[in-house]
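[1] Okay, predicted coordinates and the sequence, questions at the end:
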Amino acid sequence: MRNDQQRIGRFISNLREERGVTQAELAEALHTSQSAVARMEKGEQNFTTEMLSKISQILNREIISLGTRAINFQIEGGHKLHGVTKVKTSKNSAVGLLCASLLNREKTIIKNIARIEEVNRILEVLSSIGMGVRWISERDVELTPPEKFELGKIDVEAAMKTRSVIMMIGPLIHLLSRFSLPHPGGCKLGKRTILPHLLALKELGVEIEARRGVYQIRRNKLRSRTVPLYEMGDTTTENILMAAAKIPGKTVIKFASANYQVQDLCHFLVALGVRIEGIGTSTLVVHGKEQIQTPLEFQPGEDPIEAMLFISIAATTRSEITIQGCPIDYLELELLKLKTMGFRYKILKEYLSPNGFTRLVDIKTLPSKLIAPEEKLHPLPSNAGINIDNLPFFVPIATQAKGRTLIQDWVYENRAIYYMELNKLGANVILADPHRVYVEGPTPLRGAEVVCPPALRPAVIILIAMLAAEGTSILRNVYSINRGYEDLCARLCELGAKVKVLRSF
């Protein structure tokens with residue numbers, strides 16, 4: 001309970017400063033004392049739903065959801081969508097960059113960052129160990145390192161809710177010779193080993209011992225060398241990149257991921273003065289810089305997974321919408337596969353992201369009559385094939401395609417099983433084994449009540465199917481979706497969707 005109060009208090013404090021409101025002004029508007037506001041922001045005072053509602057009105061931002069137990073969506077489906085939506089910056093890039101800010105002994109400003117639960121959890125962890133965290137605008141966060149980080153004060157609850165906390169090992173080994181981190185959480189997608197992290201970090205001189213509930217990390221003599229990765233994982237590559245960034249000499253990372261978030265991190269490190277060769281390839285050569293002390297402003301690239309979400313919505317509901325800011329380098333194969341399925345779209349224009357390196361296009365989708373692909377759909381690591389996180393978006397599309405689609409999700413043990421939840425909406429999804437499903441289409445979808453799976457992509461594809469389903473659906477406990485998508489309900493309503501937020505206390 002105390003952790004919840006502290007989390008709400010930090011949120012209110014950051015929001016108040018962002019709005020330019022003093023504690024005295026907030027106290028006056030609430031008809032209370034400044035000392036009471038100070039206690040709230042320190043997490044030393046209980047919050048009633050009435051008080052949270054008042055603060056929400058004064059600061060013009062919804063806060064009361066932090067005090068609720070569950071958030072649900074009510075969807076009236078079967079409507080064609082229309083209008084324009086803009087892709088936001090990448091969640092996966094944001095969490096990696098926040099972890100990388102630990103490398104910089106100067107202020108780091110991450111601009112236009114995703115305001116989502118996953119980002120909130122990482123910021124809570126950073127704040128709890130001493131990092132100064134301040135929102136300087138609605139979407140720009142300033143990070144100021146302390147003289148000394150205090151891992152003993154880490155927000156364990158926040159850390160356990162996100163798998164991204166594992167990426168803090170790489171930068172923290174340069175700050176502390178010994179420390180511990182809680183076992184990471186995140187999506188429940190079967191056995192997700194951190195063995196690749198352990199093996200690669202060991203090559204650089206880091207010992208990690210798994211104990212009950214925590215990892216004990218010890219830094220020995222760090223050394224640059226050639227490190228082949230056990231698997232081509234995104235977070236593994238990022239972790240080793242951050243570790244190598246401050247090790248003098250040349251570290252060669254082989255079988256590295258070339259995915260969008262890894263490239264964003266590489267550009268971030270280059271901006272801090274670290275020389276990196278091979279960005280966008282599977283071999284990265286990092287020339288470490290022992291001292292990093294560079295004031296920096298940096299913006300992550302736009303999110304290809306969010307772009308694919310809206311493409312999937314358009315294809316499944318046969319809607320004509322314009323999706324602005326799609327990072328085309330990470331969507332070309334997905335669009336080619338969809339084209340073979342009969343999906344029609346237009347590229348309206350091409351331009352660069354404000355970060356100066358992400359290539360963007362605007363895509364206009366057109367109502368399409370879909371057919372099942374002749375070959376199976378499956379992901380590949382990095383940008384060598386369909387993105388692992390984009391594969392699930394083909395499942396609701398396949399429910400509306402004529403014929404049988406085979407989808408092989410070989411990466412995660414449990415994710416394909418979650419696809420079966422679409423059958424509650426009238427889909428015909430047949431489980432072949434824990435990694436493969438057959439989807440027969442087209443099938444008319446109908447409204448139903450479904451509880452969100454504890455994983456982001458399986459949860460959001462149920463929402464997509466509900467948008468296409470005739471009648472009213474209830475999607476319960478959407479925390480998994482809020483982890484990865486910002487204001488999704490409101491953005492869907494702007495496109496003509498009929499979605500309401502329901503709360504369970």
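    Happy to help now that I have it. Numbers count the residues shown, from 1 in each chain.
[2] could you show me where the helices are in the stretch 301-450 of the chain, in order?
    304-317, 332-340, 394-399, 415-418 (DSSP state H, counting those that start in this stretch).
[3] Of these, which is nearest Leu377?
    helix 394-399 (5.2 Å; CB to CB). The way it works is simple: take the backbone N, C-alpha and C, and place the C-beta from them, glycine included.
[4] how much space between the residue lying closest to Thr399 once chain neighbours are set aside and Ala401?
    Spatial nearest neighbour of Thr399, chain neighbours left out: Ala427 (4.5 Å); criterion: CB to CB, 6 or more residues apart in numbering. Ala427 sits 12 Å away from Ala401, going by CB to CB, to the nearest Å.
[5] same thing with Asn477?
    Counting by CB to CB, the gap from Asn477 to Ala401 is 29 Å.
[6] Repeat that for Val274.
    Distance from Val274 to Ala401, by CB to CB: 46 Å.
[7] Neighbour count for these two, which is higher?
    Between Val274 and Ala401, Ala401 has the larger neighbour count (other CB atoms under 10 Å), namely 25 against 21.
[8] Quick check: longest helix in the chain by residues?
    helix 2-18 (DSSP state H).
[9] With only the CA atoms kept, save it in CSV.
    Output of helix 2-18 as CSV, limited to C-alpha atoms (Å, rounded to 0.1, in the frame of the first residue of the first chain):
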residue,chain,number,x,y,z
ARG,A,2,2.8,2.4,0.9
ASN,A,3,4.4,1.8,-2.5
ASP,A,4,1.1,2.6,-4.2
GLN,A,5,0.9,5.9,-2.3
GLN,A,6,4.5,6.8,-3.2
ARG,A,7,3.9,6.0,-6.8
ILE,A,8,0.8,8.2,-6.9
GLY,A,9,2.6,11.0,-5.0
ARG,A,10,5.6,11.0,-7.5
PHE,A,11,3.1,11.1,-10.4
ILE,A,12,1.3,14.1,-8.9
SER,A,13,4.6,15.9,-8.2
ASN,A,14,5.9,15.4,-11.7
LEU,A,15,2.5,16.4,-13.2
ARG,A,16,2.3,19.5,-11.0
GLU,A,17,5.8,20.7,-12.0
GLU,A,18,5.0,20.0,-15.6
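[10] what's the next secondary structure element after that helix?
    helix 23-30 (DSSP states H and E).
[11] distance between that next one and the chain's centre?
    34 Å (CA atoms, centre = their mean, to the nearest Å).
[12] do the same with stretch 135-151
    For stretch 135-151, the distance to the chain centre is 19 Å (CA atoms, centre = their mean).
[13] Stretch 74-84 too?
    The answer for stretch 74-84 is 24 Å, by CA atoms, centre = their mean.
[14] end-to-end on it?
    22 Å (CA to CA, to the nearest Å).
[15] go on, stretch 241-259?
    End to end - CA to CA - stretch 241-259 spans 13 Å.
[16] cool, stretch 338-352 as well?
    Start-to-end, stretch 338-352 (CA to CA) is 24 Å.
[17] what's in contact with that stretch?
    The contact list for stretch 338-352, computed with CB atoms under 8 Å, 6 or more residues apart in numbering, reads 311, 315, 322, 328, 335, 358-373, 397, 401.
[18] and Asn390, how many neighbours?
    Considering only other CB under 10 Å, Asn390 is surrounded by 24 other residues.
[19] again but with Lys402, I slipped
    Neighbours of Lys402 (other CB under 10 Å): 14.
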